[in-house]
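1. Next input, structure requested:
(chains A and B)
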Amino acid sequence: MAKGLRRNHGIRVIQVEQLTKVYGSTAAVDHLDFQVARGEIVGFLGVNGAGKSTTMRMLAGALGATHGRALIGGIDVFQNPRAVKQMLGYLPEFPPLYVDMTVREYLLFCARIKGAKRPREAVERVIAQVALTGVAHRLIDHLSKGYRQRVGIAQALVHEPSVLILDEPSSGLDPAQRVEIRTLVQELAAGDVTVVLSTHVLPEVEALCERVIIIHQGRIVAQDRIDALRGLGTSVRLRVARPVDDLRARLGAVPGVREVTDLGDGVFSVAAEIDVRTEVARVAVDAGLLELGGSRGLEDIFLQLTGGAA
Amino acid sequence: MNVLHIARREFGATFSTAVGWLVLCGFLLLTGVFWFSQFTYYVTESANVVFNPYGAPMMTVAEHLVLPFFGNTLVVALMVVPAISMRLFAEELRSRTLELLLTSPVSTAEIVLGKYLGALGFLGVMALGTAYAPASLYLWATPDWGAVAGGYLAFLLLSGALLAMGMLCSAFTNNQIVALILSFSAGLALYVLAWLGDGPDAWQTQLSIGSHLEDFLRGAVRLSDVVYYLSFIAFFLFATHQRLESTRWR
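-> Below is the predicted model of the structure:
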């Protein structure tokens, strides 16, 4: 299966159509539609409870869908789960670790039930890959959170899957470990592994993902390439010493500015369609400009799209 | 193959917990105490009736040692098996490790069967641990091996049935204590159900988990009894399977 995919460059490895999960009367996931191409790294963004984990669990076959379908490598996740799971590596939000086993025993068990070709070799390879060599003989129960997270990632990689679904892979990791995992994910994607990951760390998405899907209340509120999302608008935050009366109007008259909000104490927020920092600075300098905050990152877009509930 | 991997993991896990060892030790201690008291009673009674021409032939090893030994072992099984089965799914649900099995290319049936066989292996170890008792009889007597084999078969069938029922209880909760209480109560209720029955043909007796054992202990294996336990086990394995499938689709 993996081989077949590799030959068809540019194929959509993950296709999700109208995927819905309803609990009682609330839709945790509400008619999602998205696609992921082979070798792509896509980030899921959303506040807690937005439906990211539910979507990922459905893709991984841990949860059934109320409605809609999901194809991975052209195979329906719900119709033929076994074939899909063979080529899928999944790291749940809480790494599913048997703490009474050593790292090596645990990974060997995972390699076997996931159908790795040479289980023992696969375990040693993945131990080296996620830097677990020093703790391979230790009981998982005795490991720190960072190491446990890495064992969780190793578990997802041990059978060399062609699709990786990682639910907050960097949670519990220190900044250095985050960079390691980021590099690892990039290497895997370069080797044509398709990666879907969710994270709370926005800079990580910006550094790692080519495309983001922002989910809010079970619906996709935006999905695009990161640079395109940035183009959704920018905002400038400024502080002036003498907030003169007509400053707001004058800022509003700057070409490209959409909205000016007076936040009090001489602080203004300017939302715009293009980068207006130079023009805004020129206008505000008369009012005694003290500070000028730069263009917005993903965080602002995220907050704007999700109603600032983060 | 997947079944065996899961069974092996489950078997090992039982030994890696304090509960596993406690159950094993408790079981061997209790059955050992019963065996010892039965044995001393038998020796004293034999000495008393040795000159009685009517009493001596009645003091058979089968009737006074083998039968009560397995009878006691079965009652102890009723108490300890829920302590083995409580872990099976409750612990996976609590520590969220079931997700690993559910997202691996293994079927729900393989998960259920693997876990069941792993725990059954533990019961096998428990049974082996009691082998000293009947084995010691062969040193100085010739007990009916059929009765011994029947006794072990009865133990495996009864505890296998309790195990299957306990596994279902365990799949309903993430709390092992709840699973323990549920399966112990259900097992006890099904065991004493026979006491309510009026005669061997009453439905209560027929349904009871404890009333299909006696013939085994006398060395007679009746197909209907074996079928009773096997269908009991099959029913609860199937119910556990359905329960797990339903959690996926709820």
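2. going forward, measure contacts and count neighbours with C-alpha atoms only.
-> Noted.
3. which residues touch stretch B:2-12?
-> Residues external to stretch B:2-12 that are found in contact with it (Cα atoms under 8 Å, 6 or more residues apart in numbering or on different chains): A:109, A:112-113, B:88, B:106, B:110-111, B:113-119, B:121-122.
4. so which of the residues you listed comes closest to B:Val33?
-> B:Phe122 (21.1 Å; Cα to Cα).
5. give me every residue that touches that closest one.
-> Taking Cα under 8 Å, 6+ apart as the test, what B:Phe122 contacts is B:Phe11, B:Thr14.
6. which sections of the chain are below the confidence cut-off?
-> I went with chain A, as the question did not name one. The model of chain A has pLDDT under 70 over residues A:1-10, A:230-233, A:294-300, A:307-310.
7. Chain B is the one I meant
-> Those would be B:250, if you go by pLDDT under 70 across chain B.
8. Can you classify the residue located most distally from the centre of it as helix, strand or coil?
-> Centroid-distance maximum for chain B: B:Phe51 at 40.2 Å, with Cα atoms, centre = their mean. Put simply, B:Phe51 is coil when judged by DSSP: H, G, I helix; E, B strand; the rest coil.
9. which of the contacts of stretch B:2-12 sit farthest apart?
-> Across the contacts of stretch B:2-12, no pair lies farther apart than B:Val106 and B:Phe122, at 22.8 Å, counting by Cα to Cα.
10. Among the contacts of stretch B:2-12, which ones are in helices?
-> Among those, the members falling in helices (DSSP state H) are A:109, A:112-113, B:88, B:110-111, B:113-119, B:121-122.
11. Tell me the one among those residues nearest to B:Gly20.
-> The closest of the ones in helices among the contacts of stretch B:2-12 to B:Gly20 turns out to be B:Phe122 (Cα to Cα; 8.7 Å).
12. Show me what residue of chain A gets nearest to chain B.
-> A:Pro96 (4.1 Å; Cα to the nearest Cα).
13. pretty sure that residue is in a strand, no?
-> No - the assignment for A:Pro96 is coil, going by three-state DSSP, so no strand is present there.
14. wait, it sits on B:Leu101?
-> No - taking contacts as Cα atoms under 8 Å, A:Pro96 lies outside contact range of B:Leu101: 9.1 Å.
15. can you confirm A:Val29 is in a strand?
-> Yes - judged by three-state DSSP, A:Val29 forms part of a strand.
16. Surely it and A:Ile215 touch.
-> No - between A:Val29 and A:Ile215 there is no contact under Cα under 8 Å: 9.1 Å.
17. And those two? Which one has more around it.
-> Neighbour totals were compared for A:Val29 and A:Ile215, and A:Val29 leads with 29 against 25 (other Cα atoms under 10 Å in any protein chain shown).
18. And the helices in chain B?
-> Along chain B, counting by DSSP H, helices occupy B:2-15, B:18-49, B:61, B:67-85, B:87-94, B:98-102, B:108-129, B:132-140, B:145-170, B:176-196, B:203-207, B:214-217, B:223-249.
19. what does the stretch 1-150 of chain A give?
-> A:2-7, A:52-60, A:81-86, A:103-113, A:119-129, A:145-157 (DSSP state H, counting those that start in this stretch).
20. other SSEs contacting the fifth one?
-> When you say that, I think you mean helix A:119-129. In terms of contacts (3 or more Cα pairs under 8 Å, 6 or more residues apart in numbering or on different chains; DSSP states H and E), helix A:119-129 is packed against helix A:103-113, helix A:145-157.
21. Thanks again, I'm all set now.
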